[in-house]
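Participant: Could you work out the structure for the sequence below:
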Amino acid sequence: MTDDKVKKIDDKLKKKADTKRLPGRPRNKVLRSPQKSLTESVSDDYCPCKKYMEEDVEGVVKSYAAVAREGQKEVIQQAALAQSSKKIVESVVRQMDADKVERERRRSNVVVLSAPEPEKEASAEQKKKEDKDFCSKVLGIPLKDVETCWRAGKIDNSKPDYLRPLVIKLKSEGLVEEWTKEGKGYKTESGFWINKDLCAADRKANFLAREQRRTRLQKK
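Facilitator: Residues are numbered from 1 along each chain as shown. Take a look at the predicted model:
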């Protein structure tokens, strides 16, 4: 094939490619901002309000960005709230488990308030003997029903008149129900009250129940 024929074929292919490409369209794509692309496509001769169009488009883009920021802020706040709620639930569950263990530990105990304490100078064995004598002779609880007894808390020298509660561990839960009148409390002939040894959560619940009952009676 001669050079003239090759040149003619090249010219023919070039003209054919030029007719397929739309006039005015750039060969390479250029990424532009949405507001610029829209406004640049409009000629100044045909759109006297091009300036206002640019401002509107820019405002729309800024408004979308603001909405996106607010949405992201709300998502972060909801995530923080969920995390906080999760921590609260975990804390409550741990406290409930601790109350359950404490309740189980106290289920065979009764407690007596304002019981006189042995002399401070007495030995530990002498103090325990006096407390057991108090259980049998003053409260009327047979020693065969008593497993052991002790004083709750430590001696506070700043409060010389303070009497520590006397905790009595009985040999069965049935005896606890019997000596506390099924949890209502039993007042002995000597004037001392025998109550169940409750954990802090149960004591608070009983206190609130008494307050509500007192309020209802006052309204009547």
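
Participant: Out of the helices and strands in the protein, which is least certain?
Facilitator: helix 34-40 (a mean of 49; mean pLDDT, DSSP states H and E).

Participant: all helices for the protein, in order.
Facilitator: Using DSSP state H, the helices found in the chain span residues 3-20, 34-40, 50-106, 124-133, 173-179, 200-219.

Participant: List the contacts of the fifth one.
Facilitator: This means helix 173-179. With Cβ atoms under 8 Å, 6 or more residues apart in numbering as the test, helix 173-179 has contacts from Arg107, Ser108, Asn109, Val110, Ile141, Asp145, Leu170, Gly183, Tyr186, Ile194, Lys196. For glycine as for every other residue, the C-beta is placed from the backbone atoms N, C-alpha and C.

Participant: quick one: which of those is most hemmed in?
Facilitator: Val110 (26 neighbours; other Cβ atoms under 10 Å).

Participant: Am I right that that residue is in contact with Leu198?
Facilitator: No: using Cβ atoms under 8 Å, Val110 is not in contact with Leu198; the gap is 10.3 Å.

Participant: hang on, the earlier thing: now the contacts of helix 173-179 as JSON lines including distance to Leu208?
Facilitator: As requested, the contacts of helix 173-179 are exported to JSON lines (distance: Cβ to Cβ, whole Å):
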{"residue": "Arg107", "distance to Leu208": "22"}
{"residue": "Ser108", "distance to Leu208": "25"}
{"residue": "Asn109", "distance to Leu208": "22"}
{"residue": "Val110", "distance to Leu208": "22"}
{"residue": "Ile141", "distance to Leu208": "30"}
{"residue": "Asp145", "distance to Leu208": "32"}
{"residue": "Leu170", "distance to Leu208": "27"}
{"residue": "Gly183", "distance to Leu208": "16"}
{"residue": "Tyr186", "distance to Leu208": "22"}
{"residue": "Ile194", "distance to Leu208": "22"}
{"residue": "Lys196", "distance to Leu208": "17"}
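
Participant: could those be laid out in JSON lines, adding pLDDT and distance to Lys220?
Facilitator: Output for the contacts of helix 173-179, formatted as JSON lines (pLDDT from 0 to 100; distance: Cβ to Cβ, whole Å):
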{"residue": "Arg107", "pLDDT": "92", "distance to Lys220": "36"}
{"residue": "Ser108", "pLDDT": "94", "distance to Lys220": "38"}
{"residue": "Asn109", "pLDDT": "96", "distance to Lys220": "36"}
{"residue": "Val110", "pLDDT": "96", "distance to Lys220": "33"}
{"residue": "Ile141", "pLDDT": "95", "distance to Lys220": "38"}
{"residue": "Asp145", "pLDDT": "95", "distance to Lys220": "41"}
{"residue": "Leu170", "pLDDT": "96", "distance to Lys220": "38"}
{"residue": "Gly183", "pLDDT": "86", "distance to Lys220": "25"}
{"residue": "Tyr186", "pLDDT": "94", "distance to Lys220": "27"}
{"residue": "Ile194", "pLDDT": "96", "distance to Lys220": "30"}
{"residue": "Lys196", "pLDDT": "94", "distance to Lys220": "29"}
